[in-house]
Structures are given as structure tokens and as C-alpha cells.
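Undergrad: heads up, no residue letters with this:
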């Protein structure tokens, strides 16, 4: 079988020219005229401690380089000397000289090796158009070599030369039609179009779908092709096609190592399209399948995690707890199960159980140090949400240099801003390529209303090579916030458009874009998109009821569209599945205040500022707390005072006791609601001015994702 591209098992094989073949361009490598020299075994042993061919030592680099250049004056066609010169210049970091040397070597030796290395160097510097020229030059030597053509195609994508890319990929399919993965294992990633503008990216992805269809015509059961087609279809929001490809992949490759993950992704597609009966059927059968599988293969940690997550998604929290405990009995080193169990206790409002559980893991001398360290951070984060800042700080200060970005928010929460600012800045200086540190600083500047510095920090974070979806999207949100506050509304809208393209299934980002459209006066477009988000949230919560963030988003949509009763029910459902959902807590406070229940509103508001002290909405909510206390007089409970001196009295606000919730939205027994009709779905409100209070709280745009504190 043909080795997978990039595995290191395949190397381009360049044909040696026959004496009869003309070489008009002088590009082919010339055969060495020097006789071969056998190295005695003793000589090899004496050389064993020296750098092998191609490696470069650390000493006397300039002297060695001068010696190589003198030798090249005598034998300019010596390939090995050119390679040594290239390695030497790369070691010295002299990229201009390295590029010039590679170009000269390619011209003199006519060897594709130098063209490949020059193309790679140009790509590293972002010069994709020039790199493409050299990829074409290399392809002259072996026009039917699959690796050469594949690299040419990938470089053409980066250069935006989509016609060349499509021709090259098509040629690759012809050459490798017997291979199960004729387009290579990273084709999907290449079709993401990172760095291309939105229109070019869409053209690229449509091209990718055409190529996948062509490849599937010769390899119709290929798991790699079917998965790539499903993922790319999902990316361009062709959910019906995505569903079809996932179903084909599952049906034709039942024993594939990714089959479990395909079912997870297919469930996501069902939820997006409102296929609630299909979702329910697959979810139940998937859970049964995983249980049966784990009876035989109890050591499969990944399967345990998937089962627990599926049970959580379906709202079977007690079953998930038993699954996670069984996972740890089967494999005491299953760190993922340890972490998921603690997080589930928190979601269920069993905070003290979570604390006790985390401490039992931390104090277990038999547990791995790395696992104990990770659980410590989870415990510290829980303490932060409970308002127990002193205990959170004590944990993070066990390794202060590593935890700078976690310590800074604690000092900010207790309003020691000078110390907090210093720590945020130090964290970025210490880890300049960590997007999470830039996010923490960007959000800090937003809370200080320093829009220019917030924009700068956000841009720096977005330049980082790696970031999770939460971190990446929140950096874009911080940038859009700064742009909006600087009256650059069009720029802010463009920022949100880009993040919506990057994460097409994130309806939270679309709802944030709705707020900007309203600010631009594009009311009809905004309300239409808000209704689409609302409908999608109804679909998804009808399938996966435990997604609390979707319930909160549904509450926000209902508030915007004037359905206060629907908002209250949705927020209550969110808290039913995640006791720590601060968006839902704030939303219920706003609803209670609109209904004139000021005491209940005060309870929710005070709970909100403990759960999420760094949310952009927290300062105005604190003002509302003070106003409500004055209105209620002596009957109002004292507000929590954040401090590092002692555990705050507000801890009770995050325990099981709390304001009485209205009856949450529940699925009725029997069949789920029909597609597009959520449980107890209220009709759209009459055309009119949207409710600013229910949506924005105090009239200020809340741009923060309260579920992520800096990553």
C-alpha cells in the first residue's frame, strides 16, 4: 500500500537522464565525474562522535562557511558543498544569504532538492507567490511524482492561485486513484484557507468539494475522503450534504477508528438541522453501543469519555457520574474522567461535593503530579466562581510564575487593579505566543475602557498561531468591542463576520453580530438573524437539552424579540443544567426586575456578581444592586464584598439554595417536538422596537462570553 503522505516513507524519486535525452534548460542534475571513495570501517568508527552529514556543529561557523565558499570556487557543481553551505547559513540565521545560496545551487546543479528547500524557506516567510514559482520549477523534474504535485497544489492554495491548485489536485487524483486517500490526509486542513479573505476562502472550499466529489468517484468508500467531505460541507453550511457523508462513512466503515467520533459529529448535524427524532434515536443507540463495547474493552479511556459526554449532552447526569466512576475504576490514570466528574458536580450545583472530590484527588500521593496539578487549577477556578478568592489565590501561588494569567483576575476581582495590571502585562511578556495571555490583557483593557490598548492586545492575540475556539472568538469579541466603542462600527462588524466564517456553527457569534447590525440601524436584517438564531437554539436544545449555553442564548433571543415569558423559561432551563451559568442568572435578574419582583432580582444580581465578577455587565449590575437596595430599604440583604482576607459570606449564593426558579422548559414524554417547533414555543412578537433591557441588561452591550475567563 502506498505510504501516507507526510509519513516520511515516501521520497520523490528523480529520474536520471539518459544520454539521448536533451537538456535544453540545463536543469537536470549532472552526474558526478569524481570516482566514488569507500570509507574504511575504522574511519567510520573514528567519525562516530562527529556530526553526521548535513548536521552543523556550533563552533567556528563563519570560518567553516568561508572554507566551503573557497571550495565552491574550485568545484561550483559540488552538490554536497552546496548542501553544507545551506545548512551552515540556516544555522547562522542568515536567511537572505541562505535563499541566495539555494537559488544559485538550483541554477548551477539543476537539482530539485534546492528548489524544494527554497520554496519551503519562502513559505516560512509568507512569500507564497515566489514559492509557487519554485514548486513549478521542481515539478519539471518529475511531473508524475505525487508528493511533488501535492506540495505544488498546497502552495498554490496559499498563494491564492486556485486554478493551479485545482489542476494539481485533479492530477493527484489521477495519479493516486488506487490510493484510499488520493488527496492526502491533510486535505481538509488545506481547504480551510487560513489567511485568505472571505470570498477567496469560500471559492477555495467550493473547489475542495468539487475535488472531493471527483476523488469519491474513484474511491467511494474512502473513510478519509468521506470524513473530509462531511467536515467541509459542514464548514460551508451545507448541513444536508454533511449529514449524508457522515452517514455513508458510518455505514461503510463500521470498524474505523474514527467511527465513534463520526457519530458525535453526526449528532451535532442532526441538532443543527432540528432532526430531533433522528438525534434521539442515534443518541440512545449510541449510548447502548458504547455500554456494550465497554463491557468488553474496559481499558478504552476514549470510549468512556465519549459515553459520559453523550450522557451529559442528553441530560442523564446521574448516569454520567456512574460512567465516570466506572472509567476511573477501569483505569486509575484516566485524567479526563477525573476532570469531567468534578466539572459535572459543579454543573449540578453540588459545589461542596466538587470541592471534596477535587481535594481527595489532590491529596492522593499515588496520583500523577501532572494530574494533581491540573485538578488543583480546576479547584482554584471553582473557588473563584464561588467568590472564595483567598483559597483560589493560595492554590495558584504554589506556582506563581506559571499561573500569572490566572492570578491577575483574582486581584482584579478584589479591585487591587495596580497589582492586577502588572500581572496581566507580565503574563504576556512571559508567554508572548500564548493567545490566552493576550486575551486576559485585552479583556482587562476593555473593563478599564482603554479601547486603544484593548484593540492592540486583541490583534496581538489573534496573530498567535494556536488558540482554541473559545480563546480565538473571545479575542475577536474584545477587538470588536474596542472598535465599536471607538465608533468604528463597520470595522467591528467585519471582525464579527470573520469570526462567524471561522466558526460557522457558533450561533453565539451570530447573535453578537445582531447587536452590531442594530447599532448600524439595519433593524430588519438584525431581527431576521436573531429569529434564525432563536430557531437554531430551539432545534439544538430540543435535541441536546443539557447545553446550558444554548438555553441562555435562547433566553437572550427571546428577550430581544420581546418574549419575556419565553426568556424566563429558557434561563431557568439553563440553570437546571448548569448551576454556574452566569448569563442565565443575570437574565433571570433582568426578567424579575421587569416583572416588578425587586427582591428576587436583587438575589439574582448578587449571585451574578459573585459568579462572574469580571464580566463587562458586572459594573452596571453593581449599580442596579445599589439602586434596588435603596428601593427595598432595610429588607435588602447586604451585598457581597470581594476580599482576600477571609472567605466571603456570599459563598451561600453559589450553593444549592438560591432564588426559586420558574418551571424550566421540559421535553414532553413520547416523540420530541416537530422540527422548527420548540417546546412551548411562543409566536414571534408583533413588529415593534425590540426590548433593550431584556437583551442588553442596562443598555450596554455585553460582549463577553461568561463561560471563559481568559481561556
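TA: Received, thanks. Keep in mind the model is a prediction, meaning the values are calculated, not measured. Numbering: from 1, shown residues only.
Undergrad: Contacts only, for residue 253.
TA: 221, 223, 226, 259 (CB atoms under 8 Å, 6 or more residues apart in numbering). In short, each C-beta sits where N, CA and C put it, glycine included.
Undergrad: Could you rerun that using 10 Å?
TA: Residue 253 makes contact with 221-224, 226-227, 259, 262, according to CB atoms under 10 Å, 6 or more residues apart in numbering.
Undergrad: With residue 337 instead?
TA: Residues near residue 337 by CB under 10 Å, 6+ apart: 301, 304-305, 308, 323-331.
Undergrad: swap in residue 290?
TA: Going by CB under 10 Å, 6+ apart, residue 290 touches 260, 263, 300, 303-304, 306-308, 310-311, 323.
Undergrad: follow-up on the earlier one: tell me the one of the contacts of residue 253 nearest residue 101?
TA: Nearest to residue 101 among these: residue 224, at 38.5 Å, using CB to CB.
Undergrad: Give me the number of neighbouring residues for the closest one.
TA: Other residues near residue 224 number 24, with proximity taken as other CB atoms under 10 Å.
Undergrad: Also residue 105?
TA: 26.
Undergrad: now it, nearest residue through space, not along the chain?
TA: residue 82 (3.8 Å; CB to CB, 6 or more residues apart in numbering).
Undergrad: which residues of the chain score low on pLDDT?
TA: 1-59, 637-711 (pLDDT under 70).
Undergrad: swap the cut-off to 50 and go again
TA: 1-54, 646-711 (pLDDT under 50).
Undergrad: Where do the helices of the stretch 251-400 of the chain begin and end?
TA: Applying DSSP state H, counting those that start in this stretch to the stretch 251-400 of the chain gives helices spanning 259-273, 276-296, 301-313, 317-330, 335-347, 351-362, 369-385, 389-396.
Undergrad: by how many degrees do the longest one and helix 317-330 diverge?
TA: With axes from the mean of the first three to the mean of the last three CA atoms, to 10 degrees as the criterion, the two stretches helix 276-296 and helix 317-330 enclose an angle of 30 degrees.
Undergrad: buried sites along helix 276-296?
TA: Neighbour-count burial for helix 276-296, counted by 16 or more other CB atoms under 10 Å, picks out 276, 278-280, 282-283, 286-287, 289-290, 294.
Undergrad: Equivalent analysis for the shortest one, please.
TA: Taking 16+ other CB under 10 Å as the neighbour-count basis, helix 389-396 is seen to contain the buried residues 389-393, 395-396.
Undergrad: That one - contacts with which helices or strands?
TA: Packing contacts for helix 389-396, counted by 3 or more CB pairs under 10 Å, 6 or more residues apart in numbering; DSSP states H and E, involve helix 351-362, helix 369-385, helix 404-413.
Undergrad: Quick one: residues in contact with the first one.
TA: With CB under 10 Å, 6+ apart as the contact definition, helix 351-362 has outside contacts at 328, 335, 338-339, 341-348, 350, 367, 371-380, 382-383, 385-386, 388, 391, 395, 579-580, 651, 654-656.
Undergrad: Would you mind listing the buried residues in it?
TA: Neighbour-count burial for helix 351-362 [16+ other CB under 10 Å]: 351, 354-355, 357-358, 361-362.
Undergrad: what does the longest one give?
TA: The neighbour-count criterion (16+ other CB under 10 Å) identifies 371-372, 374-385 as the buried residues of helix 369-385.
Undergrad: quick one: which two of the residues you listed are the most distant?
TA: The most widely separated members of the buried residues of helix 369-385, counting by CB to CB, are 371 and 385 (21.5 Å).
Undergrad: which residue ranges form the helices in the stretch 501-650 of the chain?
TA: Using DSSP H, counting those that start in this stretch, the helices of the stretch 501-650 of the chain run over residues 507-519, 523-543, 548-560, 564-577, 582-594, 598-611, 618-632.
Undergrad: Just send those back as TSV, with distance to residue 487 and mean neighbour count too.
TA: Formatted as TSV, the helices of the stretch 501-650 of the chain follow (distance: least, CB to CB, whole Å; neighbours: other CB atoms under 10 Å):
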stretch	distance to residue 487	mean neighbour count
helix 507-519	10	22
helix 523-543	18	21
helix 548-560	23	27
helix 564-577	30	25
helix 582-594	27	26
helix 598-611	29	23
helix 618-632	20	16
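Undergrad: now stretch 93-106, how far from the chain's geometric center?
TA: 37 Å (CA atoms, centre = their mean, to the nearest Å).
Undergrad: Show me what that stretch is in contact with.
TA: So stretch 93-106 is contacted by 27, 61, 65, 68-69, 72, 76-79, 81-83, 85-92, 111-122, 124-125, 127, 130, 134, 137-138 (CB under 10 Å, 6+ apart).
Undergrad: Mind doing that once more with 6 Å?
TA: 82, 85-86, 89-90, 114-115, 117-118, 121 (CB atoms under 6 Å, 6 or more residues apart in numbering).
Undergrad: Show me which of those is closest to residue 498.
TA: residue 121 (29.1 Å).
Undergrad: got a list of what residue 553 touches?
TA: Taking CB under 6 Å, 6+ apart as the criterion, residue 553 is in contact with 508, 537.
Undergrad: tell me which element residue 72 is part of?
TA: helix 61-74 (DSSP states H and E).
Undergrad: List the buried residues of the following helix or strand past that helix.
TA: For helix 61-74, the following helix or strand on the C-terminal side (DSSP H and E) is helix 79-92. Neighbour-count burial for helix 79-92 flags 79, 81-91 (criterion: 16+ other CB under 10 Å).
Undergrad: Equivalent analysis for stretch 258-266, please.
TA: 260, 262-263, 265-266.
Undergrad: still on that earlier bit, select, out of the helices and strands packed on helix 389-396, the one closest to residue 547.
TA: Comparing those by their distance to residue 547 (CB to CB), the top pick is helix 369-385, with 19.1 Å.
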